[in-house]
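1. Give me coordinates for this.
(chains A and B)
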Amino acid sequence: AQSVTQLDSHVSVSEGTPVLLRCNYSSSYSPSLFWYVQHPNKGLQLLLKYTSAATLVKGINGFEAEFKKSETSFHLTKPSAHMSDAAEYFCVVSWSASQGAQKLVFGQGTRLTINP
Amino acid sequence: ETGVTQTPRHLVMGMTNKKSLKCEQHLGHNAMYWYKQSAKKPLELMFVYSLEERVENNSVPSRFSPECPNSSHLFLHLHTLQPEDSALYLCASSQEGGLGTDTQYFGPGTRLTVL
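-> Just a heads-up that it's a prediction; the model follows:
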């Protein structure tokens, strides 16, 4: 079975300091992993994804994540937080289901707050 | 318009009403999805359509009835809902390659309140 655990429900950092959002996964297959961001009253936007190529994945807005199979982790980082980064972040594991359709399992989300 | 659009953005309905949520994707994708996002719960996959055929129904109550008339449109018909069905309903689409690596593109959601 596939599952995702986001280790922090809420992270608060100061503007200009590093961001670390933690995610551990469990998968019976070689996983595809995603990070999505959701700003208030908006839909989800893809930040980055890992699909068994390079283990360090770079995404939009300066975010990156590293796939560590030995630790079953896919933590999201950013060197310097910006006020516009305040949002809900979701770690997601994906696999191919019946008839080629894709299934996603979402973590419970981490709310990122940026302090001025 | 571009991307994935959803209408209405907000909906308030009584438990005896019948309403429909609409989703349209302008990306040429061949798969569409309905998700439910409730407070304090992870996003839940409700239905998956691939090539206009329903391929996944995640034990969703029959008061939710999906319809996919073509690859660009997806509806969620609602009837005799319960207050616990109040949530944000998100639609997504993707171009399925059968490998589970495809990116899903999400609409802004419909905020549903059931009185």
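2. hey, let's count contacts and neighbours off CA atoms from now on
-> OK.
3. Could you tell me which ranges of the chain sit under the pLDDT cut-off?
-> You didn't pick a chain, so chain A it is. A:97-101 (pLDDT under 70).
4. my bad, chain B
-> Scanning chain B for pLDDT under 70 picks out B:1-2, B:97-100.
5. Return the residues of it in contact with chain A.
-> Within chain B, the residues that sit near chain A (C-alpha under 8 Å from any C-alpha of the partner chain) are B:31, B:40-45, B:48-50, B:55-56, B:90, B:96-103, B:105-109.
6. Work out which residue lies at the spatial centre of chain A.
-> Among the residues of chain A, the one closest to the centroid is A:Trp35, at 3.0 Å (C-alpha atoms, centre = their mean).
7. That residue contacts A:Leu47, doesn't it?
-> Yes. Applying C-alpha atoms under 8 Å, one finds A:Trp35 in contact with A:Leu47, separated by 5.5 Å.
8. At the geometric centre of chain B, which residue sits there?
-> With C-alpha atoms, centre = their mean applied to chain B, the nearest residue to centre is B:Trp34, 2.7 Å.
9. Three-state assignment for that one, please.
-> Under DSSP: H, G, I helix; E, B strand; the rest coil, the three-state class of B:Trp34 is strand.
10. was I right about it contacting B:Leu90?
-> Yes. Here B:Trp34 reaches B:Leu90: they are 5.9 Å apart, a contact under C-alpha under 8 Å.
11. anything in contact with each of those two?
-> With contacts defined as C-alpha atoms under 8 Å, 6 or more residues apart in numbering or on different chains, no residue is adjacent to both B:Trp34 and B:Leu90.
12. all strands of chain A, in order?
-> In chain A, the strands defined using DSSP state E lie at A:3-6, A:10-14, A:19-21, A:23-26, A:32-38, A:44-50, A:56-58, A:64-68, A:73-78, A:87-96, A:102-106, A:110-115.
13. Of those, give the one that comes closest to chain B.
-> strand A:87-96 (4.0 Å; C-alpha to the nearest C-alpha).
14. What is the neighbour count of the closest residue in space to B:Ala31 that isn't next to it in sequence?
-> Nearest residue to B:Ala31, sequence neighbours excluded (C-alpha to C-alpha, 6 or more residues apart in numbering or on different chains): B:Ser50, at 4.3 Å. Residues lying near B:Ser50 (other C-alpha atoms under 10 Å in any protein chain shown) number 24.
15. Dig out what B:Ser50 forms beta bridges with.
-> With DSSP bridges applied, B:Ser50 shows beta-bridge pairing to B:Ala31, B:Glu53.
16. pretty sure it is in contact with B:Asn30, am I right?
-> Yes. The criterion here is C-alpha under 8 Å, and B:Ser50 meets it with B:Asn30 at 6.0 Å.
17. Having no further points to raise, I will conclude here.
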